[in-house]
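Peer 1: Got a predicted structure here, sequence first:
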Number of protein chains: 4
Amino acid sequence: MAPTPPARGFPNKIQKPAAEASAAAGSRPGGRSARVRAQVLEAAGLQLVEHGYDALTVDAVAERAGVHRTTVYRRWRDVGGLLADLLDSAADDAWRPADTGSLEGDLTAMNQEILEAVVAEPSLTTALVAASFRSAEAARALRAFWAGRYERSAEVVERAGARGEVPPGTVPRPLLVAATAPLFHELVLLGTDPDPALPARAARAAALAARAGAFTGPPPGGVDPR
Amino acid sequence: MAPTPPARGFPNKIQKPAAEASAAAGSRPGGRSARVRAQVLEAAGLQLVEHGYDALTVDAVAERAGVHRTTVYRRWRDVGGLLADLLDSAADDAWRPADTGSLEGDLTAMNQEILEAVVAEPSLTTALVAASFRSAEAARALRAFWAGRYERSAEVVERAGARGEVPPGTVPRPLLVAATAPLFHELVLLGTDPDPALPARAARAAALAARAGAFTGPPPGGVDPR
Amino acid sequence: MAPTPPARGFPNKIQKPAAEASAAAGSRPGGRSARVRAQVLEAAGLQLVEHGYDALTVDAVAERAGVHRTTVYRRWRDVGGLLADLLDSAADDAWRPADTGSLEGDLTAMNQEILEAVVAEPSLTTALVAASFRSAEAARALRAFWAGRYERSAEVVERAGARGEVPPGTVPRPLLVAATAPLFHELVLLGTDPDPALPARAARAAALAARAGAFTGPPPGGVDPR
Amino acid sequence: MAPTPPARGFPNKIQKPAAEASAAAGSRPGGRSARVRAQVLEAAGLQLVEHGYDALTVDAVAERAGVHRTTVYRRWRDVGGLLADLLDSAADDAWRPADTGSLEGDLTAMNQEILEAVVAEPSLTTALVAASFRSAEAARALRAFWAGRYERSAEVVERAGARGEVPPGTVPRPLLVAATAPLFHELVLLGTDPDPALPARAARAAALAARAGAFTGPPPGGVDPR
DNA sequence: AGGTAACCGAGACGGTACGTCACGTCTTCAC
DNA sequence: GTGAAGACGTGACGTACCGTCTCGGTTACCT
């Protein structure tokens, strides 16, 4: 049961927008359009990471990308669109949750990743959260990103169920949220100084609660469990 | 042990800046300065709540308050200062946690308050969080606000300890964060549609974890438990 | 030797910025840019003339020109730039000194023009002098304007030399300055009430001094006679 | 016929406002009012000389004088009033024109003084001229200052008449203006680089013109000769 | 010597203008 | 004919002074 070392899966580094992604958009991969898109997205990511959301202006990105302002407006309309594009390409990476052999271990590993992504200086994750408050598109993309993460993390819960660590019928998402939310709350929302023990503690609390059956049963009134 | 009905303690309505608060500042309570300050703060709150952070411009607030732009700049320097002032006056209210007779009940009540504050349309709470990402002063004030809330909520945990619901040595803040964080995570950060069962579920999970001893012992390496 | 009636050559009326001048700048004459420039310059001149330098604010000019403030800032940076542009276009007009047949007559005619320009109500000339004290660019433009005027007026002195009215070697500029300076001194600097005889008197004094050889010889130690 | 060395009589240095001047205002010389007035006027002069007219703000002067803004407004109303007060106290000094033994010499000496006052860095004279374009009170004071200077300089012309250097009936003021105007024109209005020969040349030209009778006869239609 | 009137310090306010930045649109020129 | 370059309208920013006002506290003159 070898743990899979999950390459950093939370956004803390800009990823080169995959060439095939733009290919799907209808253009030839090597075309000027694709190159321009790549340049702009990369510039946007760098700008966001280096100078924060407030410096993520269309002008700055365009200049940084060596592209004219109007080009950016044409293709992304505004900064939110840029961010959404950025996040979307980050969303479909190959991230998989760690497999450490225990629920608590898996959750701790996930939290550790989150901690690192958040405390990174500058932190793309934090910047993206901030951005999500200002751009509906960015918010949507952020939501989609996390939906994907939680979905893929469901296997952690399934493995735990198979091991008998959690009761049958345990719903993954609430558990995962319980495990990860304290980190975001403390670090992102409240800006508390990072506490190295936080990932483990939050993971342990969620695992204990899960074992005690806190996350079984029909989640929200039969609504989709997401 | 009658439950104390806690008047909404999370910011979802602008409070009239207490007259006596400004009186302490050395000026006459009824003076023009005090009146101007009250007008501006009220206008800022209304503007924030009605049109969101992005519409919270100094110009708009000033006009709404019937006050000149430069006056606002003089006293608050920028929007962040306005928000900080707003939050600071919200922070020293008389909020006390509910006392329902059980830990889970108390936490559920608290979460219920949060849910209501967050889903209120428009939501001051959400707006303030958004603001905290853009103004250092607002962030500081938000932190102070929550520090106060958690501090006062410590008695919930103490009562639970007295009732034997949690092991001795249970540290309040991590427990409280575990109970409340999922709401913020889902509703504020991820923008998930409100789930009426969420407050109870998160409270229950935190209570179970606490009972299982997840929040005992020296928190991070003997650091202050905050 | 018919005297050439010199159309008013000292700035007392705003000149429509010549279309061909802006055409040389690379833009189409009828383009929006050219139109905007013309509107703004005209508005600036009118504003200056009607309400004086202190009312020559960017805001006022912009509004008067039916153009946005920032447009003015973009192209002229500040009021000084506007004035400089105004003066520069005034400088390259077709002004030529009068030819009355005598030195004194020519100088008197020139002074008469100056008098009229200065006593005009409102007086663009006076406004421009005032402006030159507050804007380096306006000062430079004013200097250039007068350099041009004096240069073209040199022919007056040459004609006088040819007629034997002044000794050979008479340097034009000091003579011209001696003839015209008293008007500016009295009317512009000291604000004395206009004296109808002043133009003739100053012209006569300068002519007499010139005849007596006051302006011959190497002017300042062989330096350029300007 | 010993030339009287005229102590610099053109404003190029701030004079301590005479104590007795303020005494006339009704207050005791040593009173606080007098002290405040002196402080403010001195501060105004220094500020003007060091930073130019545009920096001569009420705020700056008040701070420099160690006096509150409102005090300045109370007593002088605005910057123009300050300047007028400053100039008025400069006007009644003990300046007397030089007596070199010849008209040309006297005029040259006067021009030399002007040159020095104007090229001084920073030049109070130039600053005052600039100020006179922006404040009616300052303009009035400047006019009064020069009226006094020309009046006292009339004796130069009288002496010249007595010596037979100029025809009888020579009117002083036009002559004096003809002699001095070129300096102001070149140096103050046009900003030409100072030419060391200019004072002598202008003086000589005026003297020659005077000798030729340029300034005799009833000046303009019997109006006051000023 | 004490009362009182003038003056000063302090601070806020409404107001005008400044010069800048970024946005998103629209015109125009060049390829 | 289209698309990059650039200008424009628009709105907000934060700043500097302006001149006014209202307090409260000193001074210093006068009786």
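Peer 2: On my side now, so go ahead.
Peer 1: and whichever strand or helix holds A:Y150, anywhere near chain B?
Peer 2: Assigned by DSSP states H and E, A:Y150 belongs to helix A:136-162. Yes - counting by Cβ under 8 Å from any Cβ of the partner chain, contacts between helix A:136-162 and chain B involve A:139, A:142-143, A:146. For glycine as for every other residue, the C-beta is placed from the backbone atoms N, C-alpha and C.
Peer 1: Going by distance to chain D, which of those residues wins?
Peer 2: A:A139 (47.0 Å; Cβ to the nearest Cβ).
Peer 1: Verify the stated contact: that closest one with A:L128.
Peer 2: No - judged on Cβ atoms under 8 Å, A:A139 makes no contact with A:L128 at a distance of 9.8 Å.
Peer 1: and chain A, what are its domains?
Peer 2: Listed domain ranges for chain A are A:19-91, A:103-217 (source: automatic domain parsing).
Peer 1: Quick check: closest non-adjacent residue to A:A138.
Peer 2: Spatial nearest neighbour of A:A138, chain neighbours left out: A:L83 (4.0 Å); criterion: Cβ to Cβ, 6 or more residues apart in numbering or on different chains.
Peer 1: In terms of helices and strands, where is that neighbour?
Peer 2: helix A:79-91.
Peer 1: Quick check: what element follows the helix or strand hosting A:V118 along the chain?
Peer 2: Assessed by DSSP H and E, A:V118 sits inside helix A:103-119. The helix or strand immediately downstream of helix A:103-119 is helix A:124-132, counting by DSSP H and E.
Peer 1: Phi, psi for A:A210 please.
Peer 2: Per-residue torsions, A:A210: phi -60, psi -50 (degrees, to the nearest 10).
Peer 1: how near is it to DNA strand E?
Peer 2: 44 Å (Cβ to the nearest atom of the strand, to the nearest Å).
Peer 1: A:A212 versus the closest residue in space to that residue that isn't next to it in sequence, what's the distance?
Peer 2: Using Cβ to Cβ, 6+ apart and skipping the chain neighbours, the partner closest in space to A:A210 is A:V166 (4.6 Å). Distance, A:V166 to A:A212, using Cβ to Cβ, to the nearest Å: 9 Å.
Peer 1: where does chain A have low pLDDT?
Peer 2: A:1-32, A:92, A:217-226 (pLDDT under 70).
Peer 1: mind checking the backbone torsions on whatever residue of it ends up closest to DNA strand F?
Peer 2: Of all residues in chain A, A:H68 sits closest to DNA strand F, at 2.9 Å by Cβ to the nearest atom of the strand. With angles defined as degrees, to the nearest 10, A:H68 sits at phi -80, psi 150.
Peer 1: Need the max-distance pair from the residues of helix A:136-162 next to chain B.
Peer 2: Longest distance between any two of these is 10.9 Å, between A:A139 and A:W146; criterion Cβ to Cβ.
Peer 1: do you know how far the residue lying closest to A:G52 once chain neighbours are set aside is from B:L187?
Peer 2: The spatial neighbour of A:G52 that comes closest, neighbours along the chain excluded (Cβ to Cβ, 6+ apart), is A:A127 at 6.1 Å. Look at A:A127 and B:L187: by Cβ to Cβ, they are 21 Å apart.
Peer 1: ok, now A:L124?
Peer 2: In terms of Cβ to Cβ, A:L124 sits 23 Å off from B:L187.
Peer 1: Could you do A:T180 as well?
Peer 2: 15 Å.
Peer 1: These two: which has the busier surroundings?
Peer 2: Between A:T180 and B:L187, counted using other Cβ atoms under 10 Å in any protein chain shown, the more crowded position is A:T180 (26 against 22).
Peer 1: Alpha carbons of the helix or strand hosting that one, in PDB - could you do that?
Peer 2: A:T180 belongs to helix A:172-183 when assigned by DSSP H and E. Extracted C-alpha coordinates of helix A:172-183, given in PDB (Å, rounded to 0.1, in the frame of the first residue of the first chain):
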ATOM      1  CA  PRO A 172     -17.200  12.100   1.900                       C
ATOM      2  CA  ARG A 173     -17.700  15.800   1.300                       C
ATOM      3  CA  PRO A 174     -18.800  16.900   4.800                       C
ATOM      4  CA  LEU A 175     -16.000  15.000   6.200                       C
ATOM      5  CA  LEU A 176     -13.500  16.500   3.900                       C
ATOM      6  CA  VAL A 177     -14.800  19.900   4.500                       C
ATOM      7  CA  ALA A 178     -14.600  19.400   8.300                       C
ATOM      8  CA  ALA A 179     -11.000  18.400   7.900                       C
ATOM      9  CA  THR A 180      -9.900  21.200   5.700                       C
ATOM     10  CA  ALA A 181     -12.100  24.100   6.600                       C
ATOM     11  CA  PRO A 182     -10.300  25.000   9.800                       C
ATOM     12  CA  LEU A 183      -7.200  25.700   7.800                       C
END
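Peer 1: Count the neighbours of A:A55 for me.
Peer 2: Counted with other Cβ under 10 Å, residues neighbouring A:A55 total 11.
Peer 1: Let's verify the spatially closest residue to it that is not a sequence neighbour: helix, strand, or coil?
Peer 2: Leaving aside its chain neighbours, A:A55 sits nearest to A:Q47 (6.3 Å; criterion: Cβ to Cβ, 6+ apart). Secondary structure for A:Q47, judged by DSSP: H, G, I helix; E, B strand; the rest coil, is helix.
Peer 1: A:Q47 against A:D54, yeah?
Peer 2: No - A:Q47 is beyond contact range of A:D54, at 10.6 Å (criterion: Cβ under 8 Å).
Peer 1: quick one: which of the two has more around it?
Peer 2: A count of neighbours by other Cβ under 10 Å puts A:Q47 above the other of A:Q47 and A:D54, at 22 against 12.
Peer 1: how close does that one get to D:G191?
Peer 2: A:Q47 is 46 Å from D:G191, by Cβ to Cβ.
Peer 1: now swap in A:L208 and tell me
Peer 2: For A:L208 relative to D:G191 (Cβ to Cβ), the value is 84 Å.
Peer 1: Please tell me how far stretch A:88-106 is from the chain's geometric centre.
Peer 2: Remark: stretch A:88-106 is offset 11 Å from the chain centroid, using Cα atoms, centre = their mean, to the nearest Å.
Peer 1: Over to stretch A:144-154?
Peer 2: 8 Å.
Peer 1: how about it: buried residues?
Peer 2: Along stretch A:144-154, the positions that meet the burial threshold by neighbour count (16 or more other Cβ atoms under 10 Å in any protein chain shown) are A:145-146, A:149-150, A:153-154.
Peer 1: How about stretch A:157-173?
Peer 2: Within stretch A:157-173, the residues scored as buried using 16+ other Cβ under 10 Å are A:157, A:159-161, A:165-166, A:170-173.
Peer 1: And what about the nearest residue to A:L175 once chain neighbours are set aside, helix, strand or coil?
Peer 2: Excluding its sequence neighbours, the residue lying closest to A:L175 (Cβ to Cβ, 6+ apart) is A:F215, at 4.4 Å. Assigned state for A:F215: coil (three-state reduction, three-state DSSP).
Peer 1: how many neighbours does the closest residue to A:H185 other than its chain neighbours have?
Peer 2: Spatial nearest neighbour of A:H185, excluding adjacent residues (Cβ to Cβ, 6+ apart): B:A181 at 3.7 Å. Using other Cβ under 10 Å, B:A181 has 25 other residues around it.
Peer 1: neighbours around A:G52, how many?
Peer 2: By other Cβ under 10 Å, 17 other residues sit near A:G52.
Peer 1: go on, A:R74?
Peer 2: A:R74 has 9 nearby residues by other Cβ under 10 Å.
Peer 1: show me what contacts A:N111?
Peer 2: Taking Cβ atoms under 8 Å, 6 or more residues apart in numbering or on different chains, we find A:N111 in contact with A:179-180, A:183, A:198-200, A:202-203.
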